[in-house]
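In: Fold the following and give me the result.
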Amino acid sequence: MKVLHIITGLGVGGAERQLQTLLRRLPARCEVVTLAGSGPVAEALRADGVPVRDLGMRGNRDLRALPRLVRHIRRGRYDIVHTHLYRACVYGRTAARLAGVRAVVATEHSLGAQEIEGRPLRRTTRALYRATERLGAATVAVSPTVAGRLAGWGIPENRIVVIPNAIDPARFRFAPAARRVVRQRLGLDPDAFVLAGVGRLVPGKRFDLLVRAAARLPQVRVVLAGEGPEAEALRRLAAGLGVADRVRLVGECGGPGVAGLLSAADLFVSCSPEETFGVAVLEALAAGLPVLYAACPAVEDLPPGEAPGARRTDPDPEALAAAVRRELAAGPRRLPVPPAVHRYGVAAAADRLMRLYTGLHTTVAADPAPGARTGTAARPAAPRPPVPSAPVLSPLPPPFPSPSPGPEPPRSPAPSQPTGGGRTR
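Out: Reported below is the predicted structural model:
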């Protein structure tokens, strides 16, 4: 089976890294088109042997990209077109149907209650999304929370498939050697208490709260991994608060770089008040880190007690500073990898996605539309193939056995504390 994945960009972000993780396990011939720019994830995909093409799109309204994308899809003769992120969903669904491909899947990675991909939701955004959704065959929601939001938008529930995001826990296992090397490279004292944050540097992620926490807690150092329009504002904030020497913005880094950063850290903090899943939180838990988070459906959608190392906190400076003080009092430690991490294994996610592909491909093959995959007179408004019943999933994947690549490093037992659903006061 030949699959084309279309994504808005390939910088370091949750959706981009999720695509990379899945492609390593999908038993299909996969290629990737990025609409607007490559980046570290593009290089990592190429290193994995995945063909990547940059379409060179210049902004959301660069309509010249549409015929280029249609031609690419027609030449590739793909069985499935799978889109990721808002702009890619709008352009990719349209281009796929114009190219005659009916088996079109979209993954909704970043639909919040008030924002999409860190930007405020507007009526026009919702209207365009709903209009192009009708051109697809199925929409994958990365969490039950996102599935509920899609249904609230009017997307028929029988076209929504819940396939939670996934991680490879072994890639993020704590490595003492990496801790020493990364701290040395970043100029961090071996005994410093380090807060880590990972993600796009945009206002909605509230990385400013980590900088403000450093200003309140002189023994704390902060390391932020990611790029985005908020980078310079964060540097100015750190300078204005007198903590520029204790805040490091290390830019984008791929999977191994994130794993190294998590080994070097003592506490992971996610201050975004609105998340669709929370892959970064799971990666930190896989590294044995205690975690403070403002929102994380990956943890909150689970039964209580599945993530004892994760504590919820309000996204404001005083609440975060108080929560960090409690972690400082407990001291640096590594915790057992919690059951929550093992619910989201990449092998299970890849299997479920492949079942969806196979079902759609079989349905389309049994009922071909005029012009389908021939490059002739495709009909974007033709009835979509029904979503096959087999891949429709329960909201939560079952646990799977933990990987066992070797002995765990020494670690202290988890202290008594609220479960992942508890709110830090």
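
In: Okay, the closest residue to residue 181 other than its chain neighbours and residue 206: tell me how far apart.
Out: Among residues not flanking residue 181 along the chain, residue 260 sits closest, at 7.2 Å (C-beta to C-beta, 6 or more residues apart in numbering). C-beta coordinates here come from the backbone N, C-alpha and C atoms, glycine included. In this view, residue 260 and residue 206 are 24 Å apart by C-beta to C-beta, to the nearest Å.

In: Would you state the strands of the stretch 51-200 of the chain in chain order?
Out: 52-54, 80-84, 104-108, 115-116, 119-120, 138-141, 160-162, 193-198 (DSSP state E, counting those that start in this stretch).

In: Tell me which residues are up against the very next helix or strand once past the last one.
Out: The one in question is strand 193-198. Sequence order places helix 208-216 as the next helix or strand after strand 193-198, per DSSP states H and E. Helix 208-216 has contacts (C-beta atoms under 8 Å, 6 or more residues apart in numbering) with 195, 197, 220-222, 224, 230, 233-234, 237-238, 241-243, 246-247, 269, 271, 315-317, 320-321, 324.

In: Kindly recompute the last result at 7 Å.
Out: 195, 197, 220, 222, 224, 234, 237-238, 241-243, 246-247, 269, 271, 315, 317, 320-321, 324 (C-beta atoms under 7 Å, 6 or more residues apart in numbering).

In: I'd like the average pLDDT over it.
Out: If you average the pLDDT over helix 208-216, you get 96.

In: got the angle for it vs strand 193-198?
Out: Helix 208-216 and strand 193-198 are oriented at 170 degrees to each other (axes from the mean of the first three to the mean of the last three C-alpha atoms, to 10 degrees).

In: Could you check how far residue 32 is from residue 326?
Out: 43 Å.

In: Correction: the previous question concerned residue 146.
Out: Residue 146 sits 31 Å away from residue 326, going by C-beta to C-beta.

In: neighbour count winner among these two?
Out: residue 146 (26 against 16; other C-beta atoms under 10 Å).

In: does residue 82 have beta-bridge partners, and which?
Out: residue 5, residue 105 (DSSP bridges).

In: how about it, what does it touch?
Out: Taking C-beta under 7 Å, 6+ apart as the test, what residue 82 contacts is 3, 5, 105, 107.

In: Equivalent analysis for residue 93, please.
Out: By C-beta under 7 Å, 6+ apart, the contact set of residue 93 is 83, 104, 106, 132, 135, 136.

In: Neighbour count and pLDDT added to those residues, as CSV?
Out: Converted to CSV, the contacts of residue 93 look like this (neighbours: other C-beta atoms under 10 Å; pLDDT from 0 to 100):
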residue, neighbour count, pLDDT
83, 30, 96
104, 31, 96
106, 27, 94
132, 21, 89
135, 22, 91
136, 26, 91
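
In: Same list, those, but as TSV with distance to residue 365 please.
Out: Supplementary listing: the contacts of residue 93 in TSV, determined by distance: C-beta to C-beta, whole Å:
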residue	distance to residue 365
83	21
104	15
106	21
132	24
135	19
136	18
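
In: Return the closest of the residues you listed with respect to residue 296.
Out: Taking C-beta to C-beta as the measure, residue 296 sits nearest to residue 106 out of these, at 23.1 Å.

In: Looks like the closest one contacts residue 139 (just checking).
Out: Yes - assessed by C-beta atoms under 7 Å, residue 106 is found in contact with residue 139 at 5.1 Å.

In: so when I look at the residue nearest to residue 181, I'm seeing a helix, right?
Out: Yes - when DSSP: H, G, I helix; E, B strand; the rest coil is applied, residue 260 is found to be in a helix.

In: Verify the stated contact: it with residue 180.
Out: No - if you go by C-beta under 7 Å, residue 260 and residue 180 don't touch, sitting 10.4 Å apart.

In: what about these two, which has more around it?
Out: Between residue 260 and residue 180, counted using other C-beta under 10 Å, the more crowded position is residue 260 (22 against 13).

In: Quick check: the more buried one vs residue 182, distance?
Out: According to C-beta to C-beta, residue 260 stands 5 Å off from residue 182.

In: so how far is stretch 224-236 off the chain centroid?
Out: 19 Å (C-alpha atoms, centre = their mean, to the nearest Å).

In: Enumerate the positions of that stretch that are buried.
Out: Neighbour-count burial for stretch 224-236 flags 224, 225, 226, 227, 228, 230, 231, 234 (criterion: 16 or more other C-beta atoms under 10 Å).

In: Not including adjacent chain positions, what is the nearest residue to the second one?
Out: Taking C-beta to C-beta, 6+ apart as the measure, residue 225 lies nearest to residue 198, with 4.7 Å between them; neighbours along the chain are not counted.

In: Neighbours of that neighbour, how many?
Out: Residue 198: 29 neighbours (other C-beta under 10 Å).

In: One more: residue 48?
Out: By other C-beta under 10 Å, 12 other residues sit near residue 48.

In: Leaving out chain neighbours, which residue sits closest to it?
Out: residue 24 (6.3 Å).

In: ditto for residue 76
Out: The shortest distance from residue 76 to any non-neighbouring residue, by C-beta to C-beta, 6+ apart, is to residue 4 (6.0 Å).

In: One more: residue 96?
Out: What sits nearest to residue 96 in space, not counting adjacent residues and going by C-beta to C-beta, 6+ apart, is residue 81, at 3.9 Å.

In: Does the one you found touch residue 92 like I think?
Out: Yes - judged on C-beta under 7 Å, residue 81 makes contact with residue 92 at a distance of 6.3 Å.

In: more neighbours, the two?
Out: Taking neighbours as other C-beta under 10 Å, residue 81 and residue 92 compare with residue 92 leading, 31 against 27.

In: Am I right that that one is in contact with residue 83?
Out: Yes - applying C-beta under 7 Å as the test, residue 92 and residue 83 come out as touching, 3.6 Å apart.

In: for this protein, where's the lowest mean pLDDT among helices and strands?
Out: strand 423-424 (a mean of 36; mean pLDDT, DSSP states H and E).
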